[in-house]
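# Following is a predicted model, sequence given first.
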Amino acid sequence: MEAIAVSRGLVGASRLQSFFADTSSSSSSSCVPALISYAGLKKNVCFSASKPACELGAVVAASRGAVVKGNRGLRVEAAATNGSPQSFDYDVVIIGAGVGGHGAALHAVERGLKTAIVEGDVVGGTCVNRGCVPSKALLAVSGRMRELHDEHHLKSLGIQVAAAEYDRQAVADHANNLATKIRGNLTNSMKALGVDILTGIGSVVAPQVVKYGRIGFADKTITACNIIIATGSVPFVPPGIEIDGKTVFTSDHALKLEWIPDWIAIVGSGYIGLEFSDVYTALGSEVTFIEALDGLMPGFDPEIGKLAQRILINPRKIDYHVGVLAKKITPAKDGKPVLIELVDTKTKEPKETLEVDAALIATGRAPFTKGLGLENVNVVTQRGFVPVDERMQVLDGEGNKVPNLYCIGDANGKMMLAHAASAQGISVIEQIAGRDNVLNHNSVPAACFTHPEISMVGLTEPQARALAEKEGFKVSVAKTSFKANTKALAENEGDGLAKMIYRPDTGEILGVHILGLHAADLIHEASNAIAMGNTIKDIKFAVHAHPTLSEVLDELFKSAHLEDHAVVSEKAAEPVAV
Ligand SMILES: Cc1cc2nc3c(=O)[nH]c(=O)nc-3n(C[C@H](O)[C@H](O)[C@H](O)COP(=O)(O)OP(=O)(O)OC[C@H]3O[C@@H](n4cnc5c(N)ncnc54)[C@H](O)[C@@H]3O)c2cc1C
Ligand SMILES: NC(=O)c1ccc[n+]([C@@H]2O[C@H](COP(=O)([O-])OP(=O)(O)OC[C@H]3O[C@@H](n4cnc5c(N)ncnc54)[C@H](O)[C@@H]3O)[C@@H](O)[C@H]2O)c1
């Protein structure tokens, strides 16, 4: 047997001792036998199909005979393989350098894993270049414009300003410059930590083998103990809609802010539609929403959606058509406007035809997984999404885990948010490093950066009630208004609501939804509580500085009515030494 060294992954000596002390042996049909030795101890192991060559949080192979700092002497004597390479160029190779891939890469280095990231376009992916970052730059401008144009609001604070104007190109430059800056930050952070950034389109050509290079000329091959797919998503454009990038466009084009249409139809009233309606109306456009479902913002908690309609839609130059699909959209041509043919969503009967200056298509996103070579590892995508289990481990056509292959971020469709992609990446690296980790997606917050903002975590009220009915528990709802908050009133921003859905018997927080000033920042007290498994009884005695917006949540937790046995938690009742 040929000896190969264990690379990088630093495993504590005590953990190694207990590993060798454990005499139980594992076996499976796809067992890969190997002899591990450390400080005179020897153990026959079986690298299971689900974790071949990645035992002990250490990663087997890489440079033969290399001495590894921290695990000097830990050796694996020839783990034979089942078609996989016997040694690897990298412990982890990530395909796609968006926020998901970036988060995974940084954490992999922290865990001592040799890491490469393959990027076919520019570092930063959607979020940095065509998503969160430039859109928030535009929203920063729309927030200020909105305030400066709100004479009533300013007067009530005693402020007078001359009419505010904006320079479209300068606003567009702000968004573009910010994306460039953040892209540079991401690239530098990976380079500084020693992540190899490999340029080209990557694909999986065999288990633990990645090819990359120019499209059609992918001629470089690397091997990896673990592969993480993080290839993200692209705008989904329904059939019948013709994109010309000028008068009919997606968020990819809209973020460049090449012009401000007088009248723009926004197809889809989800996150993108809502955020862009905030931008366009602040910059002077009139907006018409076209929404397939029966109400605007169907993804939000219905009560928050209704309030959002009162605050973010009705007072603005926005009208809407709901329950209709944009069946056909023709770009403006030869002096003719953009034509939008609407049909009833349910009956498909033709409704009216709209004539507008521009149309933004914000009807969701499609996974970017074509050409990834997933068929080489027997993986069948579902509507393009890569099927994964709760640990982001890729599942094959028969529902079995594909060893050493993970998929994170938009490409798996679990939760299309930047921080969710990154959190999934970190969770995967933890597993690769030998620490089991399952991300609780119910604790992942989301925010829509309108003015004011909307944020949420966990279940909506209808979702919670459906679950309660199925599992047989009671649900209660607590609410607090921004109108009762001193800081919000000092800012003259009393419009808003915080709502918590919870179990009165246990104090478990099922969901929190906020609409109001800085809602996107406020949500973290609730999301962290859910992530940590804290109940209302644990946090209702926590002290909040006065006067702050965070007192909105303080009031929310305090106003919950818990059943007697749930009121005093052990933690809260513990005497505190002074
Ligand atoms: C307008 C807009 C605003 C948004 N705002 C927010 C927000 O405020 N907050 C939020 O949380 N989320 C927001 N999102 C969503 C967020 O951008 C995505 O959830 C996030 O970018 C997903 O990250 P990812 O790493 O999975 O994929 P991506 O960011 O899409 O990155 C994937 C990367 O993989 C590369 N790639 C693809 N295929 C290959 C291949 N075969 N080989 C090599 N490289 C490949 C791509 O070039 C890309 O760089 C927004 C999205 C949009 C469109
Ligand atoms: N602040 C943020 O976190 C943020 C901002 C922007 C985007 N995103 C992410 O990007 C993703 C895409 O955003 P999005 O707004 O495009 O999608 P979305 O899924 O949030 O909303 C799409 C909306 O379009 C409607 N729709 C779909 N097809 C239609 C049709 N043919 N005609 C009319 N209406 C139609 C849907 O009913 C839905 O309301 C989301 O998953 C979101 O998580 C997040």
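Structure's in. What do you need? Ligands and ions are numbered 1, 2, ... in the order given.
# Quick check: pLDDT value at the nearest residue to Ala468 once chain neighbours are set aside.
Excluding its sequence neighbours, the residue lying closest to Ala468 (C-beta to C-beta, 6 or more residues apart in numbering) is Val475, at 4.5 Å. The C-beta positions use only the backbone N, C-alpha and C, and glycine is treated the same way. As predicted, Val475 sits at a pLDDT of 98.
# quick one, phi/psi of Val475?
phi -120, psi 140 (degrees, to the nearest 10).
# show me what contacts it?
461, 464-465, 468, 501-504, 510 (C-beta atoms under 8 Å, 6 or more residues apart in numbering).
# Dump these to JSON lines, plus secondary structure, pLDDT and distance to Val204.
Converted to JSON lines, the contacts of Val475 look like this (DSSP: H, G, I helix; E, B strand; the rest coil; pLDDT from 0 to 100; distance: C-beta to C-beta, whole Å):
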{"residue": "Glu461", "secondary structure": "helix", "pLDDT": "98", "distance to Val204": "42"}
{"residue": "Ala464", "secondary structure": "helix", "pLDDT": "98", "distance to Val204": "39"}
{"residue": "Arg465", "secondary structure": "helix", "pLDDT": "98", "distance to Val204": "42"}
{"residue": "Ala468", "secondary structure": "helix", "pLDDT": "98", "distance to Val204": "42"}
{"residue": "Ile501", "secondary structure": "strand", "pLDDT": "98", "distance to Val204": "41"}
{"residue": "Tyr502", "secondary structure": "strand", "pLDDT": "98", "distance to Val204": "44"}
{"residue": "Arg503", "secondary structure": "coil", "pLDDT": "98", "distance to Val204": "43"}
{"residue": "Pro504", "secondary structure": "coil", "pLDDT": "98", "distance to Val204": "49"}
{"residue": "Leu510", "secondary structure": "strand", "pLDDT": "98", "distance to Val204": "39"}
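# In ChimeraX, select just the buried ones from the residues you listed.
ChimeraX command restricting the contacts of Val475 to the buried ones, with burial defined by 16 or more other C-beta atoms under 10 Å:
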select :461,464,468,501,502,503,504,510
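# Among the contacts of Val475, which pair sits farthest apart?
Using C-beta to C-beta, the contacts of Val475 span at most 14.4 Å, a distance reached by Glu461 and Pro504.
# re earlier: which of the contacts of Val475 lies closest to Ile340?
Looking across those and measuring by C-beta to C-beta, the closest to Ile340 is Glu461, at 33.3 Å.
# For Leu374, give its distance to ligand 2.
22 Å (C-beta to the nearest ligand atom, to the nearest Å).
# Now do the contacts for that residue.
Applying C-beta under 8 Å, 6+ apart, the residues contacting Leu374 are 204, 380-381, 386, 394.
# again, only this time at 10 Å
Listed by C-beta atoms under 10 Å, 6 or more residues apart in numbering, the contact partners of Leu374 are 203-204, 229, 380-381, 386-387, 394, 396-397, 402, 405, 407.
# Kindly write the PyMOL command that selects the buried subset of the residues you listed.
Applying 16+ other C-beta under 10 Å to the contacts of Leu374, the buried members can be selected in PyMOL as follows:
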select buried, resi 203+204+229+381+386+387+394+402+405+407
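# The contacts of Leu374 in strands, which ones?
203-204, 229, 394, 402, 405, 407 (DSSP state E).
# how close does Gly202 sit to Lys211?
7 Å (C-beta to C-beta, to the nearest Å).
# Next: Arg383.
On the measure of C-beta to C-beta, Arg383 and Lys211 end up 25 Å apart.
# if you count what's nearby, which of the two comes out ahead?
Using other C-beta atoms under 10 Å, the more surrounded residue of Arg383 and Lys211 is Lys211, with 19 against 7.
# how far does the host helix or strand of that one sit from the chain's center?
Applying DSSP states H and E as the criterion places Lys211 in strand 209-214. For strand 209-214, the distance from its own C-alpha centre to the chain's C-alpha centre is 26 Å (C-alpha atoms, centre = their mean, to the nearest Å).
# buried stuff in it?
Neighbour count says strand 209-214 has 209-213 buried, by 16+ other C-beta under 10 Å.
# could those go into JSON lines alongside distance to Lys306 and pLDDT?
Shown next, in JSON lines, are the buried residues of strand 209-214 (distance: C-beta to C-beta, whole Å; pLDDT from 0 to 100):
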{"residue": "Val209", "distance to Lys306": "53", "pLDDT": "97"}
{"residue": "Val210", "distance to Lys306": "49", "pLDDT": "98"}
{"residue": "Lys211", "distance to Lys306": "52", "pLDDT": "97"}
{"residue": "Tyr212", "distance to Lys306": "49", "pLDDT": "97"}
{"residue": "Gly213", "distance to Lys306": "52", "pLDDT": "95"}
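# tell me the phi and psi of the residue minimising distance to the centre of the chain?
For the chain, Leu417 is the residue whose C-alpha lies nearest the centre (C-alpha atoms, centre = their mean; 2.3 Å). When read as degrees, to the nearest 10, the backbone of Leu417 gives phi -140, psi 150.
# State the number of residues packed around Asn440.
15.
# Identify the residue nearest it in space, chain neighbours excluded?
Ala531 (6.1 Å).
# what's the spacing between the residue of the stretch 101-250 of the chain found nearest ligand 2 and ligand 1?
Across the stretch 101-250 of the chain, the shortest distance to ligand 2 (C-beta to the nearest ligand atom) belongs to Pro238, at 4.2 Å. Noted for Pro238: a distance of 16 Å to ligand 1, by C-beta to the nearest ligand atom.
# what's Gly240 in contact with, if anything?
Gly240 touches 325-330, 341, 343, counting by C-beta under 10 Å, 6+ apart.
# So which of those residues sit within strands?
325-330, 341, 343.
# near ligand 2, from the residues you listed?
Counting by C-beta under 6 Å from any ligand atom, 325-326 from the ones in strands among the contacts of Gly240 sit close to ligand 2.
# now, among the ones in strands among the contacts of Gly240, which is nearest to Lys487?
Nearest to Lys487 among the ones in strands among the contacts of Gly240, with distances taken as C-beta to C-beta, is Ala326, at 41.7 Å.
# Tell me if I'm right that the closest one and Glu352 touch.
No. In this structure Ala326 lies outside contact range of Glu352 using C-beta atoms under 10 Å: 11.5 Å.
# what residues does the stretch 201-350 of the chain put near ligand 2?
238, 267-273, 275, 290-293, 298-299, 325-326.
# Going through those residues, which ones are buried?
Once neighbours are counted (16+ other C-beta under 10 Å), the buried part of those comes down to 238, 267-273, 275, 290-292, 325-326.
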